[in-house]
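Student: pasting the sequence and the predicted model now:
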Amino acid sequence: MTRTSKRTRFLSTAERRTRNVLKRIKCLGRCASRYYDYSDSDVEAIFGAIQREVDRAAARFGRESEPFSLTRSPR
């Protein structure tokens, strides 16, 4: 398989999967409506699990996630 075709396959697959992830995150955000009852610990558990999986995925690309900070500006 040529480098170009691998690149083309990556772009197609990564874009589709990224769109799917973003769509599902937006869907999850709708759980914050007044129609649901949730606690801070529920929210922490949900987003902690998501963050751990994002960190694992980034590590597979050879990237380490940076610790979160409100005082440091993003790159």
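Tutor: Yes, it's here. Being a predicted model, the structure only gives us computed values, none of them experimental.

Student: tally of neighbours for the nearest residue to residue 32 once chain neighbours are set aside?
Tutor: In space, and not counting its chain neighbours, residue 32 is closest to residue 38: 7.8 Å by CB to CB, 6 or more residues apart in numbering. In this view, the C-beta of every residue, glycine as well, is placed from N, C-alpha and C. Other residues within reach of residue 38 by the criterion other CB atoms under 10 Å amount to 11.

Student: cool, and residue 60?
Tutor: A count of nearby residues for residue 60, using other CB under 10 Å, gives 7.

Student: likewise for residue 25?
Tutor: Quick note: residue 25 (other CB under 10 Å) scores 10 neighbours.

Student: quick check, pLDDT for it.
Tutor: As predicted, residue 25 sits at a pLDDT of 97.

Student: which of the helices or strands spans the residue positioned nearest the centre of the chain?
Tutor: In the chain, the residue lying closest to the centroid (CA atoms, centre = their mean) is residue 54, at 5.1 Å. For residue 54, the host element (DSSP states H and E) is helix 40-60.

Student: from the contact counts, what lies against that helix?
Tutor: Under the contact definition 3 or more CB pairs under 8 Å, 6 or more residues apart in numbering; DSSP states H and E, helix 40-60 sits against no other helix or strand.

Student: pull out the CA atoms of it and give them to me as PDB.
Tutor: Extracted C-alpha coordinates of helix 40-60, given in PDB (Å, rounded to 0.1, in the frame of the first residue of the first chain):
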ATOM      1  CA  ASP A  40     -21.500  16.400  40.800                       C
ATOM      2  CA  SER A  41     -19.900  13.000  41.400                       C
ATOM      3  CA  ASP A  42     -21.900  11.600  38.400                       C
ATOM      4  CA  VAL A  43     -20.500  14.400  36.200                       C
ATOM      5  CA  GLU A  44     -17.000  13.800  37.500                       C
ATOM      6  CA  ALA A  45     -17.200  10.100  36.900                       C
ATOM      7  CA  ILE A  46     -18.500  10.600  33.300                       C
ATOM      8  CA  PHE A  47     -15.900  13.200  32.300                       C
ATOM      9  CA  GLY A  48     -13.100  11.400  34.200                       C
ATOM     10  CA  ALA A  49     -13.800   8.300  32.100                       C
ATOM     11  CA  ILE A  50     -13.900  10.300  28.900                       C
ATOM     12  CA  GLN A  51     -10.700  12.100  29.700                       C
ATOM     13  CA  ARG A  52      -8.900   8.800  30.500                       C
ATOM     14  CA  GLU A  53      -9.900   7.400  27.200                       C
ATOM     15  CA  VAL A  54      -8.800  10.600  25.400                       C
ATOM     16  CA  ASP A  55      -5.400  10.300  27.100                       C
ATOM     17  CA  ARG A  56      -5.000   6.700  26.100                       C
ATOM     18  CA  ALA A  57      -5.900   7.500  22.500                       C
ATOM     19  CA  ALA A  58      -3.400  10.500  22.400                       C
ATOM     20  CA  ALA A  59      -0.700   8.200  23.900                       C
ATOM     21  CA  ARG A  60      -1.200   5.800  21.000                       C
END
